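# Predicted model, plus sequence, below.
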Amino acid sequence: AQSVTQLDSQVPVFEEAPVELRCNYSSSVSVYLFWYVQYPNQGLQLLLKYLSGSTLVESINGFEAEFNKSQTSFHLRKPSVHISDTAEYFCAVSVLGQGGKLIFGQGTELSVKP
Amino acid sequence: EADIYQTPRYLVIGTGKKITLECSQTMGHDKMYWYQQDPGMELHLIHYSYGVNSTEKGDLSSESTVSRIRTEHFPLTLESARPSHTSQYLCASSEYGRMNTEAFFGQGTRLTVV
């Protein structure tokens, strides 16, 4: 069975500092990888995704994630965070051949302090 | 911005009542999903549908039921609500036939059963 583990439940960080949110997955078959962001009282929004090709993927608001097959990881990074990045971040996998169903990690609460 | 809507956003209801959570999307997506999210926990898939008259149970057992009579509408029903049903319910949709398509989420319904 597939699973997703987000290693940090809460990550407090000061504004303009770098941040890394860790995500590891387990699967014996090919997967697609996603990061979703959930702002307070909102639904989930796609931040970025890895499907194939370059292992480094970027979002429009400065986040990036790197797919590492040997370590089965898909960590999310940003070199300089803003107050507005405060949110819950979910890592998810979609297993090839299972119709697009997503398996989510437990979420990481990113709290950016001034 | 995703065109998927959930109503109500918040619902407080007494034990034993029948409730229906509404979910509609205007994107013409064939695939639709219901996820359950408890505070500080990952999202769990409870129901999904690949098209009209198609419904399947998800990975997490749920006492709720769903129907898919129209492409754009995927309501979730609890015949007799209990406090254990208190949770947030998120509806999502994606295109059929493209395994790597992202899922679009509604804003969620936060259900409290007292």
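Ah, there it is.
# hey, let's count contacts and neighbours off CA atoms from now on
Will do.
# which residues in chain B form strands?
Along chain B, the stretches classed as strands by DSSP state E are B:4-7, B:10-13, B:19-25, B:31-37, B:43-51, B:54-57, B:65-66, B:76-78, B:87-94, B:104-105, B:109-113.
# Next up, the contacts around the nearest residue to A:A87 once chain neighbours are set aside.
Of all residues not flanking A:A87 in the chain, A:Y39 sits nearest, at 4.8 Å (CA to CA, 6 or more residues apart in numbering or on different chains). Contact analysis of A:Y39 by CA atoms under 8 Å, 6 or more residues apart in numbering or on different chains lists A:T86, A:A87, A:E88.
# For the nearest residue to A:L102 once chain neighbours are set aside, give me its contacts.
Excluding the flanking residues, the one nearest A:L102 by CA to CA, 6+ apart is A:S94, at 4.8 Å. Neighbour list for A:S94: A:V31, A:Y32, A:L33, A:G100, A:K101, A:L102, A:I103, B:N100 [criterion: CA under 8 Å, 6+ apart].
# can you pull up the bridge partners for the nearest residue to the fifth one once chain neighbours are set aside?
It refers to A:K101. Leaving aside its sequence neighbours, A:K101 sits nearest to A:S94 (CA to CA, 6+ apart; 5.8 Å). Note on A:S94: beta-bridge partners by DSSP bridges are A:Y32, A:L102.
# so how far is A:L47 from A:S94?
From A:S94 across to A:L47, the span is 15 Å (CA to CA, to the nearest Å).
# can you check A:F14 too?
Taking CA to CA, one finds A:F14 at 21 Å from A:L47.
# what does chain B put close to chain A?
Within chain B, the positions near chain A by CA under 8 Å from any CA of the partner chain are B:40-45, B:90, B:94, B:99-108.
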